[in-house]
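1. Compute the structure for the input listed below.
(one chain, ligands or ions: 2)
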Amino acid sequence: MAADQSGVFSGEGFAPDDHTQDAPSDPANNRPNGVSRREFVGAAAVAGATLISAAGAFGQSRSDLEAGRSDDYASDPGPENDALLALNPDPNRPPFTDRGTLPPFWYGFALTPKRLQAGGWTHQVTERELPLSKDLAGVNMRLTAGSFRELHWHLADEWAIMLAGKARVSVMQPNGKMFIDDVEKGDLWYFPAGYPHSIQGLEGAGCEFLLVFDQGDFSEDDTFLLSEMLAHIPPEVIQKNMGWSRQEWDQLPAETLYIFPAELPGPIENDKRFLGSRLETENQYTFHGAMTMKPLAETAGGSARVIDSRNFPASRNIATGIVTLRPGALRELHWHPNGSEWQYWIQGKGRMTVTMTGARARTVDFNAGDVGLVPNMAGHYIENTGSEDVIFLEMFKTSRYQSISVNEWIARMPDKMAQVHLKLPLSPIRRVPASQYVVLPK
Ligand code: MN
Ligand code: MN
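-> Numbers count the residues shown, from 1 in each chain. Ligands and ions are numbered 1, 2, ... in the order given. Presented below is the predicted three-dimensional model:
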């Protein structure tokens, strides 16, 4: 099914920035080689003084870059981190179309310290690790069978996807009704800010999941914990509030629990029966089968599934695309008109080029467990460069997933408009796929 039939991938009233027209041309489409120096300086002058200095400092011509791919110029006789370079061939020998400096848009959970406790671990990639990531922050967590992430709440909305195993989650609404459900690999949950909730690993190997918060500077170390609150209320107040004696107050945890082992719970039906009329059944805070649901777009190259407030109403402020790319396939050239893109790579190996204003472009490689960040409105593609399927998440701090396809835009340009901008005869212009396929080849 072509994605445009559903209308979901259609943009809504976005006016493209003229700066995108200043980007160097791609010689793969048979154009005369490059933008002249004079033309480039003119474009940079239009783009503004800060970009002129950035561009001027990067005195690297297209022919330098082309030669560097084949000649000895890129040889590096000094010390190298070979393992890291092997994971990042594109930054080491950039495609000749790359140009200028971009802030880092790659980070790996493998680089972050784990908070390890009895019962599991957690680590995070936030704005502190990836400064461009202002909208969203990610936490990767593991709980062994029976272990809890302590009852807590926080300032940010929490979206999650189960990566392995099974868990039981609960969340209480302000009206006193509690939602409780069991989730497994490929299931999601969404807990609004301030709603108290729990996560417990279930039988077998427990679980691992990715949490995504709608605040870039979120920290997993800054959550409100039940243990911490009770430990810092005077016992005589606890007695008035809960009816617990001083001796009972003394038995409360004196230290933060955060992650801790516990016995496996009974069947979920028991918990639901206990809740009775206080069981929340109207609002669904979990979403089952996100990785196996019917794709919104499916092509020879792969598929894309979208989960946002339209099919998962609880997910009011986070929209998600789950993209699968077969080996060699391409998440087509596009951008998003409504937010920066926070990526998590679940499987495979690929590369992404991000194009910015001021004729800047950088290409970076990704592997499973990595995080990518595309600045708001920046053009990009993702190419599977490995031998297995790539699966990655495109995440946005918004209620609705949207993307603009460059192919679709070209296909909508009247003949003369297209020809004067692309400097191409009409026949190659009309060979471009005429709608947003999301994943290519179609
Ligand atoms: Mn939480
Ligand atoms: Mn994207």
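2. pLDDT wise, what is residue 32 at?
-> Listed pLDDT for residue 32 reads 35.
3. Repeat that for residue 241.
-> The predicted local confidence for residue 241 is 98.
4. What spatial separation is found between it and residue 94?
-> Distance of residue 241 to residue 94, computed by Cβ to Cβ, to the nearest Å: 62 Å. C-beta here means a position set from N, CA and C on the backbone, and glycine is covered the same way.
5. burial measure for residue 183, as a count.
-> By other Cβ atoms under 10 Å, the residues close to residue 183 number 23.
6. Let me know the secondary structure of it.
-> Counting by DSSP: H, G, I helix; E, B strand; the rest coil, the backbone at residue 183 sits in strand.
7. what's near enough to touch it?
-> Contact partners of residue 183, counting by Cβ atoms under 8 Å, 6 or more residues apart in numbering, are 162, 166-169, 189, 286, 288.
8. Sort out which residues of stretch 301-314 are buried, please.
-> Neighbour counts over stretch 301-314 (16 or more other Cβ atoms under 10 Å) mark 301-309, 312, 314 as buried.
9. where in this protein is pLDDT low?
-> Residues of the chain that meet the criterion pLDDT under 70 lie in 1-60, 65, 67-71.
10. Give me the domain ranges for it.
-> With domains defined by automatic domain parsing, the chain comprises 3-71+81-100+291-440, 111-287.
11. can you list the ones you listed in JSON lines and add distance to ligand 2?
-> Shown next, in JSON lines, are these (distance: least, Cβ to the ion, whole Å):
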{"stretch": "domain 3-71+81-100+291-440", "distance to ligand 2": "5"}
{"stretch": "domain 111-287", "distance to ligand 2": "14"}
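12. what are the ranges of the helices in the stretch 1-150 of the chain?
-> 37-47, 49-56, 62-70, 82-87, 89-92 (DSSP state H, counting those that start in this stretch).
13. which pair in the buried residues of stretch 301-314 spans the largest distance?
-> Within the buried residues of stretch 301-314, 301 and 314 form the most distant pair, 31.1 Å apart (Cβ to Cβ).
14. Figure out how far stretch 216-226 is from the centre of its chain.
-> Chain-centre distance of stretch 216-226: 19 Å, with Cα atoms, centre = their mean, to the nearest Å.
15. go on, stretch 345-363?
-> Going by Cα atoms, centre = their mean, where stretch 345-363 is centred and where its chain is centred differ by 13 Å.
16. How about the stretch 51-200 of the chain: which residue is closest to ligand 2?
-> Proximity of the stretch 51-200 of the chain to ligand 2 (Cβ to the ion) peaks at residue 105, 12.0 Å away.
17. quick one, phi/psi of the closest residue to that residue other than its chain neighbours?
-> Nearest residue to residue 105 in three dimensions, chain neighbours excluded: residue 373, at 4.6 Å (Cβ to Cβ, 6 or more residues apart in numbering). Dihedral angles of residue 373 (phi, psi; degrees, to the nearest 10) stand at phi -140, psi 120.
18. how about the helices of the stretch 301-442 of the chain, start to end?
-> Assigned by DSSP H, counting those that start in this stretch, the stretch 301-442 of the chain shows helices spanning 406-412, 415-422, 426-431.
19. deepest of those helices, which one?
-> When these are scored by mean count of other Cβ atoms under 10 Å, the highest mean neighbour count falls to helix 406-412 (a mean of 17).
20. Export only the CA atoms of that one, formatted as CSV.
-> Output of helix 406-412 as CSV, limited to C-alpha atoms (Å, rounded to 0.1, in the frame of the first residue of the first chain):
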residue,chain,number,x,y,z
VAL,A,406,11.3,15.2,-1.5
ASN,A,407,10.2,12.8,-4.3
GLU,A,408,6.6,13.7,-3.7
TRP,A,409,7.4,17.4,-3.8
ILE,A,410,9.3,17.1,-7.1
ALA,A,411,6.4,15.1,-8.6
ARG,A,412,4.0,18.0,-7.7
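21. tell me how far it is from the chain's mean position?
-> 25 Å.
22. Can you spell out which residues form a bridge with residue 404?
-> Note on residue 404: beta-bridge partners by DSSP bridges are residue 335.
23. quick one: it from residue 334, how far?
-> Taken as Cβ to Cβ, the span from residue 404 to residue 334 is 6 Å.
24. One more: residue 415?
-> Look at residue 415 and residue 334: by Cβ to Cβ, they are 23 Å apart.
25. residues in contact with the residue nearest the centre of the chain?
-> For the chain, residue 343 is the residue whose C-alpha lies nearest the centre (Cα atoms, centre = their mean; 2.4 Å). Contacts for residue 343 (Cβ under 8 Å, 6+ apart) come out as 366, 370-374, 392-395.
26. just curious, which of those residues is nearest to residue 245?
-> For the contacts of residue 343, the nearest to residue 245 is residue 395 (47.8 Å; Cβ to Cβ).
27. Please give the number of neighbouring residues around the closest residue to the closest one other than its chain neighbours.
-> In this structure, residue 395 finds its nearest non-sequential neighbour in residue 342, 4.5 Å apart by Cβ to Cβ, 6+ apart. Other residues lying near residue 342 total 27 when counted by other Cβ under 10 Å.
28. and residue 342, what is it in contact with?
-> 133, 135-136, 138, 212, 371-373, 395-396.
29. Repeat that for residue 265.
-> Residues near residue 265 by Cβ under 8 Å, 6+ apart: 146, 168, 200, 202, 271.
30. if you skip the residues just before and after it, what's nearest to the first one?
-> In this case it means residue 146. The shortest distance from residue 146 to any non-neighbouring residue, by Cβ to Cβ, 6+ apart, is to residue 264 (4.5 Å).
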